[in-house]
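Enquirer: Have a look; sequence and predicted model below, questions after that.
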Amino acid sequence: MENKLLTIKNNALSLIFDAKEKKELEEIKLQFLGRSGELTTALKGLAKLTADEKPKIGKVANEVKNIIEDAIRQKESELKNTKPVLQKIDVTEPGIKPEIGHLHPMSITLFEMVDIFKKIGFQAADGPDIETDHYNFEILNMHKNHPARDTQQSLYLDTRNSKTNPGEILLRTHGSNMQGRIMEKAKPPIRAIYPGKAFRYEQVDASHGFEFWQLEGLAVGTDITMTNLFGTMSYIVKEFFGQETKVKFVCHNFPFVEPGAEAYMSCTVCKGKGCSFCKHSGWVEILGCGMIHPNVLKSVGYDPEKVSGFAWGMGLSRMVTLRYQMDDLRLLTNPDLRILEQF
Amino acid sequence: MLAPLSWIKDYVNIKSDIKSLIERLGEVGLGTESIEKTKDGDTILDLEITPNRPDCLSILGIAREVAAIGNTKIKYPSLKTDLKPQKSAKILPLKIHTNFDINPRLTGIIINNVTVKDSPEWLKEKLEKLGQKPINNIVDITNFVMYELGNPIHSFDYHKITGHEMWIKQSLGGEKFESVDGISYHLPKGAIILEDQEKIFDLIGIKGGKNSGTYKDTKCVFITVEVDDPVLIRKASQALSLRSDASAIFERNVNRGGTIDALKRTVDLILENAGGEIASELYDLKKENFEPWKLSLRLDRLNKLLGIEILEKKVLEILTSLNLSPKLQNGKVECTIPTYRNDLKLEEDLIEEVARIYGYSNFPQNLPEGEIPINTIPYFKNYKIDEKVKNLLISSGFSEIYTYSLVSENDLLDAGINSEQNLRVDTPVSREFEYLRPDLKINLRKALIQNRMISPKINLFELGKIYSGKNLDEAVERYNLAGITNSKNFFEVKGILERIYKNLGIEDNPMNSIELIDEGVYFEIDYSYVLEKLKPVKSFISVPKFPPIVEDMAILAPSNVSTGGIIKTIKKQSSLISEISLLDKYEETRTFHVVYQSRERNLKNEEIGEIREKILKALKKEHGARLKE
């Protein structure tokens, strides 16, 4: 009997020792200590023993029971403290990706730009695509006979069945239509950006579109200077493309600014060394800007002697293609999932 | 504008190397588009000339810029003739009728007994470097002087002007005209033309006529240098799709004070290379004298607008280098603007002159100082809302697309939309992009179809403008948010929209914005309306302190009864019902999960029993439904 009990103890202990998980331990518990477990059954046999055997074997039986119970308890806490062993799965298999979609690179860029400008006090605004000749041209110092106003360069809307005269309403050719609209309704100081679509009569190719996205803006106040213009544009470009980016300004003419400028930045592909992307110049053109023309300030009721301002227009589409080194603007309006899923 | 360095060097010394010259020219506004090296070691720059600088559509104009940046002097070509006939010369008659509104100035002279022949080599070479084909000495000289000085010049065969009388007028439209290169045109209305007693013989400012050109047999020429109305020239040149180097200069405003010098230079070269003699007095019909004008610049204003202090001495040096003859008095510089600088009209124009020659790269850069505007600006748009909505759609598996606002008539037809009642572009780039989209569905459907071969599961969305209205008077543009899916069902889409609405605090039901289409499920919601209705800030409702009572009710209802209807009926039976959802649906049985909740007390089983009775009664009455036993 004593031997039997010791065999039970040994068997139990070795099984407990080898147990790898809680479930296995539960089974062992049942196997030995359960209602019809090995030890329970053996203990039932105690009744058949003689009176002098009883105390001795009984003591052994109790010890065996305690030892098994202790061992199980100990193993239980051991198992609780060890992480499950990942030996049955192949961790090198690819993970299961959640089925989430992709934000368009234009939105990624736009939201980032809005945040960058917000940091230096520029608020975002939004205005109409269908615009009057007045806000698109007239108020911006582009008078009736300005070459940019030719039908050949702008998309004028069909006026049939309406009271509008032909040539009065068009799809805005730039986001600058918001310049007049905002300044007319607000008092300086103003710092605003106005992202949006622009439309032009252009044949489509890799770097031109008849519809494209722009991000224009302005700052007006009593002490806005040309060095502020350069500083702000450099800040934006470096925040967006990285601090190592170089920015340079050259003189340029736009009817609604004077002095006018164009900004170039070091090519994102070759870092300024010269490659086919930047036509081997190391520089890419990124935006047009300047000090708001006194005629524009006057036309919105400001006194150019008292307030000054700067304004700029950058191609949002172009920011996107430059950042991601995409060689064709048309990729942005192509809904091909193989493009979208890269972002 | 093509500019051979060798030619520029005729007028100015270039001190720097080509690379830094190009860099500096770019900085002052003459960007180089390309560089060509020729066999004879010359370098030809192709410069981009902005529309405000017609003076730089000439080699001398470019040389003046080179001189300004190098702060060196320019060597003008010397002019010999005094434009008077020699005493012995025979004076030929010519009567000119002009109209100063369309032709503010006509300067001209007759040269008789010329010998038309090939040009000398130097002249041919100069023109060939600009990509021009030499024709004969007279024509080549007029072209050369235009490229040199920037005033277009024309030479007519004097004997072909019938009656030796001519009129400058505007075309009526429809007249025939054959250009010097043998192409026939029907003239548009309003072009400026030259007519004699019989015929139109010149399309002024754009192209000469075949019937009055200078050829081998020409013996006597009438040379003109004109100033014509820029707008009329541009309109005619556009209407005919006929552009020339001359029309480009006229369109941008020619140097109105430069006609005499250009004529002198031309006559000098003709007398030298084709012989002959001056056979008329100088014609100089002009609306006014076209003299240089005064323009002043305040130094304090210059520094305030630029944000840097440029020394007085430097300002004067720059203005002098640009031939603007500055005179300083009491902090104010008075300049005399040469007639070739039509772009200098305002003080700000002079500020730009100083700034660009000073060099934008020499400017410090700083952010605006002073008050940060805190008032919400007009037309303010909160992009955070867009970002939130887009992120919700993306986390629901939709990918974003951006598409064109312009669609084709076929697109509208396919969508069953009457193009006659849709906004249209009068001057479309192509038939493909002629109408403003009335919805986002057209492009989303196309996008889904395009992706079918690429991916089995397609979920796309766009947030963009739509343009409605039968005609321009009714035109309205709004933002819509639309999506298309071939892998999610109606309820999944509905759930996504419900989630978006809930996040934005909008109470509407998105159900009516969703439709089943051949390609799958489509939704389009009026996003502008969403922006008007949204409540971005939610108020917190405390967690109830008392336990709810929950029960599931299996309801047997006829299949034509909507689940929404049942839910509505149940809900209105008691204010204690805080939540109802459809748990299961099997044949005619719909199991609803009903939560009863009071915020004030513990609910008793008896009161719930009463509500249940009320519910069952109402369901029976309103929908013929009953509890499943």
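Expert: Okay, I see it.
Enquirer: who's in contact with B:Glu178?
Expert: B:Ser184, B:Tyr185, B:Gly209, B:Lys210, B:Asn211 (CB atoms under 8 Å, 6 or more residues apart in numbering or on different chains). C-beta coordinates here come from the backbone N, C-alpha and C atoms, glycine included.
Enquirer: So which bits of the stretch 1-150 of chain B are right by chain A?
Expert: For the stretch 1-150 of chain B, the contact set with chain A under CB under 8 Å from any CB of the partner chain comprises B:Gly26, B:Glu27, B:Val28, B:Gly29, B:Gly31, B:Thr50, B:Pro51, B:Asn52, B:Arg53.
Enquirer: Compare those residues and tell me which is most surrounded.
Expert: Highest neighbour count within the residues of the stretch 1-150 of chain B next to chain A, by other CB atoms under 10 Å in any protein chain shown: B:Gly29, with 26 neighbours.
Enquirer: Quick check, that residue in contact with A:Val250.
Expert: Yes. Counting by CB atoms under 8 Å, A:Val250 is a contact partner of B:Gly29 at 6.7 Å.
Enquirer: excluding its backbone neighbours, what's nearest whichever residue of the stretch 201-343 of chain A sits closest to chain B?
Expert: For the stretch 201-343 of chain A, the residue closest to chain B is A:Thr225, as judged by CB to the nearest CB, at 2.7 Å. Leaving aside its sequence neighbours, A:Thr225 sits nearest to B:Gly307 (CB to CB, 6 or more residues apart in numbering or on different chains; 2.7 Å).
Enquirer: so who does the one you found touch?
Expert: B:Gly307 touches A:Thr225, A:Met226, A:Thr227, A:Asn228, B:Phe363, B:Pro364, B:Asn366, counting by CB under 8 Å, 6+ apart.
Enquirer: what do you get for B:Glu36?
Expert: B:Thr43, B:Ile44, B:Asp46.
Enquirer: Now that we're looking at it, what pLDDT does it have?
Expert: Note for B:Glu36: predicted pLDDT of 94.
Enquirer: element containing it, please.
Expert: B:Glu36 is part of strand B:31-37, with elements assigned from DSSP states H and E.
Enquirer: List the strands paired with that strand, with their directions.
Expert: strand B:43-48 (antiparallel) (DSSP bridges).
Enquirer: and the strand it pairs with, what's its mean pLDDT?
Expert: Averaging the model's pLDDT scores along strand B:43-48 yields 96.
Enquirer: now do stretch B:526-544
Expert: Mean predicted lDDT for stretch B:526-544 stands at 85.
Enquirer: And the contacts of that stretch?
Expert: Residues contacting stretch B:526-544 (CB under 8 Å, 6+ apart): B:385, B:389, B:463, B:478-481, B:501, B:504-508, B:597-599.
Enquirer: Show me just the buried residues among these.
Expert: Neighbour counting over these (16 or more other CB atoms under 10 Å in any protein chain shown) leaves B:Val389, B:Leu463, B:Tyr479, B:Asn480, B:Leu481, B:Tyr501, B:Leu504, B:Ile506, B:Gln597, B:Ser598 as the buried ones.
Enquirer: Could you pull out the helices in the stretch 51-200 of chain A for me?
Expert: For the stretch 51-200 of chain A, applying DSSP state H, counting those that start in this stretch gives helices covering A:53-81, A:105-119, A:133-136, A:177-185.
Enquirer: and chain B, which of the ones you listed is closest to it?
Expert: helix A:177-185 (3.9 Å).
Enquirer: so does the closest one get close to chain B?
Expert: Yes. Shown here: helix A:177-185 in contact with chain B (CB under 8 Å from any CB) through A:Met178, A:Arg181, A:Ile182, A:Lys185.
Enquirer: need the helices for the stretch 301-450 of chain B, in chain order.
Expert: Using DSSP H, counting those that start in this stretch, helices in the stretch 301-450 of chain B cover B:312-321, B:347-358, B:383-395, B:409-414, B:441-451.
Enquirer: send the alpha carbons of the last one over as PDB?
Expert: Once non-C-alpha atoms are left out, helix B:441-451 reads as follows in PDB (Å, rounded to 0.1, in the frame of the first residue of the first chain):
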ATOM      1  CA  LYS B 441     -21.200  59.500 -58.500                       C
ATOM      2  CA  ILE B 442     -20.100  59.900 -62.100                       C
ATOM      3  CA  ASN B 443     -16.400  59.800 -61.200                       C
ATOM      4  CA  LEU B 444     -16.700  57.300 -58.300                       C
ATOM      5  CA  ARG B 445     -18.500  54.800 -60.500                       C
ATOM      6  CA  LYS B 446     -15.800  55.200 -63.200                       C
ATOM      7  CA  ALA B 447     -13.100  54.800 -60.500                       C
ATOM      8  CA  LEU B 448     -14.600  51.600 -59.200                       C
ATOM      9  CA  ILE B 449     -14.900  50.100 -62.700                       C
ATOM     10  CA  GLN B 450     -11.300  51.100 -63.400                       C
ATOM     11  CA  ASN B 451     -10.100  49.200 -60.400                       C
END
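Enquirer: elements contacting that helix?
Expert: helix B:409-414, strand B:459-468, strand B:476-485, strand B:520-526 (3 or more CB pairs under 8 Å, 6 or more residues apart in numbering or on different chains; DSSP states H and E).
Enquirer: Just the residues contacting that helix, thanks.
Expert: A:335-337, B:401, B:403-404, B:407, B:411-412, B:414-415, B:437, B:458, B:460-462, B:482-484, B:486, B:517, B:519-520, B:522, B:524.
Enquirer: what do you get for the fourth one?
Expert: For helix B:409-414, the external contacting residues (CB under 8 Å, 6+ apart) are B:Asn418, B:Ser419, B:Asn422, B:Arg431, B:Glu434, B:Tyr435, B:Pro438, B:Ile442, B:Lys446.
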